[in-house]
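*Asks:* Sequence first, then the predicted structure:
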Amino acid sequence: MASLAFFLALAWIGGGAASAAAARHQARSGTAGGRTKVVRYHGFKVVVPENWPVYDLATDPTACVRFDHHAVYLGTPSSRQRCPAHAVGRTEAILVSPLAAHGARAQESSGPALPPVSDPQAQPAGGSSSELAVPSAGVIVTATWSSKPGLVARALGKSSVSAAAAGAATAARPEARPAATHRTGDIYTGPGFDACSTPSLSTMSAWGASPYRAIGFYIGGANEACAQPNLNSSWIDQESAAGWTLLPIYVGLQAPSNGCGCAAINASQASAEGTAAADDAIDQAEALGLGPGNPIYDDMEAYSRTSSNTTAVLAFLSAWTTELHAHGYVSGVYSSSNSGITDLVNEVGTGYVEPDQIWIADWNDEETTSDPYVPSTDWPNHQRLHQYRGGHNETYDGATINIDSDYVDAGGAAGDALFPNGTFVQVSGSPDFYEIAGGAPLFVSNWSDVGGAQTYTVITQQQFDSLDPVPANGTFLTTDTGAVYRVAGGAPMYIADPTAFGAITPVLVDQWDIDNVGNPLSRLNAEPVNGTFLSTLTGLNYRVAGGAPIAVTNWKVFGGPQPSVTVDPWDLANEWNPLARIVYRPAIGTTVEGLPSGAYWRFGPKNRYLVTVTPGAVRVDDRGLVPFSAIPCRVPYLIHNTLTQVKAALLQQDCHLGKVHDDPLIRKSHTLRVIRQIPTAHVRKGAYYTVGITLG
């Protein structure tokens, strides 16, 4: 991230100096008849329009440093600043801070223009920022602008702020990236919140008493609006270790015609700008310690769904997702239910590159991820977040934050694993030792199995409890026998040909763990958990239900391609072998929901049979169920039955209710009963056969 001490946000929580409210309103207009004033700080001088408010952050540490208002801020943004839950956009503003607060910086800039802080393709002249170190005065200046970069340049005694950005715009971004050393957060289902300025560590600790366990925070973008004095890699590590699900948000360019006056997408450059935004977001995330495998959400504010707006937004977001995927990140999009989300929904099934997760802004006070704008079959697999309430104050253990409330059912981000792979640990007071693999502690029964006695770290029970319950998907393991495994859904699946996976570095673990899958000490499952997606090197895809792989013939039924673990085809060809960790047929009692039919099936000893709607059923491809025998439909005798009785009778016989015909006039006078059915009773058909009835 180009400047972690500053601007990584998007929201406004009503904080700052209350006395400046009227001045802020006036300040949006910029100059006042050309009159200016001189503001000095540590010997550094800026000349700004007379009506710009000036905030002394040392005098008022609660003042919110935000870049969507004309203002001058002097000092270091405080961890106590009170910002509103939502602010977006950027205008001409200046922050002058002590250089010492930022550590060693580059030499003082001597050119005619301010050096661009981050990728200018992602932050064009229509809304950008730069940072200028002035060692001679002992300050560092953060300057932002929107439509008047010249005003900011003159304020700082420079000739231009746009020339340097324009000159750098064609520079190619390096493709090489450091290897991923971070893990992806587990699926979290429950309440969360987002705030403009990232809360301090002490506030987050106080909010451990809250019902929330997920937090959205802003990591940059052309339309960020709040400073982030608290956000850095240490914050990420500590809150991740404390069990918070992290939701990083990037405030990119907005629709060409937007209501926030924000830097907008250039319709003719929408795809290029989406790619540049993703590259910039990746830089910001990596600087915070959020590596590949983690999600990043683009914030696309509400817009009018005109043809030009929709076309530009969709092109931008498609490129955003494509570029994130190219670098191993999960793509997310936040938007209003009746603008960006609706446009994405309308593209499902067309071949459009959809994001992996959607964050629905619909302030209906409903703590659920269901939404009338999004069909239940779209983003159904822990891929949704819902912002259900706008900015309001909440207080826990004496700490108040202005927040938006969210309900989350998705995989969040996580920083560095608390301990890297291969770290050996012992809980204080316990005689047992463990080795970290994929974020989980695997039992060490014998030092000789892991290369002899090892140096270990004594940790607290709380630290141990915060470790992952099973190794992260994709973790490679090996033992002193030389066998190699890959973890999928917590289960170590055998790799017959490790060379097919390229250069890998398996974690050497105790053979005891492999031999004792299912034992709580091993931290390994006997089979992948329900819902795990598997892919093979030969291009086949499956979803696990009851321990069995059910083929995925079309990703569209799941709303598009899903994150999956690539495993050796040997496992699918050797389901009878315990090392494969999968079985031929789902375990008895396993319930699945077929897609797109919506039929619920339960597996018995030999067949599957229809059941009523069952919460928690694994969603699978209807076509993938075909190889698993089903009890045939034996059409029951339905004459004289009511509609309720018909439904029960059909379900019992593994049949499906089709068209229902009735006479509205008769319906008003008496209870309707079946007078005709097609086909007739006692006919034997395939499972889930459709039966039509006429009521009279």
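*Replies:* Here it is on my side, so go on. Residues are numbered from 1 along each chain as shown.

*Asks:* A helix includes residue 206, no?
*Replies:* Yes: assessed with DSSP: H, G, I helix; E, B strand; the rest coil, residue 206 lies in a helix.

*Asks:* give me the number of residues near it?
*Replies:* 18 (other CB atoms under 10 Å). Just so you know, the C-beta spots here come from the backbone N, C-alpha and C atoms, and that holds for glycine as well.

*Asks:* Just to check, it is in contact with residue 398?
*Replies:* Yes: between residue 206 and residue 398 there is a contact at 6.2 Å, judged by CB atoms under 8 Å.

*Asks:* remind me, longest helix of the protein?
*Replies:* helix 307-326 (DSSP state H).

*Asks:* And the helices in the stretch 201-350 of the chain?
*Replies:* Applying DSSP state H, counting those that start in this stretch to the stretch 201-350 of the chain gives helices spanning 201-206, 233-241, 270-287, 307-326, 340-347.

*Asks:* Tell me how far the second one lies from the chain's centre.
*Replies:* What that stands for is helix 233-241. Put simply, helix 233-241 sits 17 Å off its chain's centre (CA atoms, centre = their mean, to the nearest Å).

*Asks:* now stretch 680-693
*Replies:* In this view, stretch 680-693 has its centroid 45 Å away from the chain centroid, taken as CA atoms, centre = their mean.

*Asks:* how about that stretch: buried residues?
*Replies:* 685, 687, 688, 689, 691, 693 (16 or more other CB atoms under 10 Å).

*Asks:* My guess is the first one contacts residue 679. True?
*Replies:* Yes: in this structure residue 685 lies within contact range of residue 679 using CB under 8 Å: 7.4 Å.

*Asks:* any shared contact partners between those two?
*Replies:* The contact sets of residue 685 and residue 679 overlap at residue 635 (CB atoms under 8 Å, 6 or more residues apart in numbering).

*Asks:* Out of the buried residues of stretch 680-693, which two sit at the greatest distance?
*Replies:* 687 and 693 (19.0 Å; CB to CB).

*Asks:* for the closest residue to residue 548 other than its chain neighbours, helix, strand, or coil?
*Replies:* Computed as CB to CB, 6 or more residues apart in numbering, the closest residue to residue 548 that is not its neighbour in sequence is residue 586, at 4.4 Å. Of the three states, residue 586 takes coil under three-state DSSP.

*Asks:* So residue 586 versus residue 629, what's the distance?
*Replies:* 12 Å (CB to CB, to the nearest Å).

*Asks:* Of those two, which one has the most company?
*Replies:* residue 586 (25 against 13).

*Asks:* for the stretch 551-696 of the chain, what spans make up the helices?
*Replies:* Using DSSP H, counting those that start in this stretch, helices in the stretch 551-696 of the chain cover 569-573, 622-625, 643-652, 664-669.

*Asks:* Deepest-packed of those helices, please.
*Replies:* Neighbour counts (mean count of other CB atoms under 10 Å) averaged over each of those peak at helix 622-625, with a mean of 20.

*Asks:* so what secondary structure elements neighbour that one?
*Replies:* In terms of contacts (3 or more CB pairs under 8 Å, 6 or more residues apart in numbering; DSSP states H and E), helix 622-625 is packed against strand 548-551, strand 591-595.

*Asks:* Can you lay out the ones you listed as TSV showing distance to residue 293, mean neighbour count and mean pLDDT?
*Replies:* Compiled in TSV, these are given as follows (distance: least, CB to CB, whole Å; neighbours: other CB atoms under 10 Å; pLDDT from 0 to 100):
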stretch	distance to residue 293	mean neighbour count	mean pLDDT
strand 548-551	23	22	96
strand 591-595	26	22	94
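
*Asks:* got JSON lines for those, with distance to residue 244 too?
*Replies:* Formatted as JSON lines, the helices and strands packed on helix 622-625 follow (distance: least, CB to CB, whole Å):
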{"stretch": "strand 548-551", "distance to residue 244": "34"}
{"stretch": "strand 591-595", "distance to residue 244": "31"}
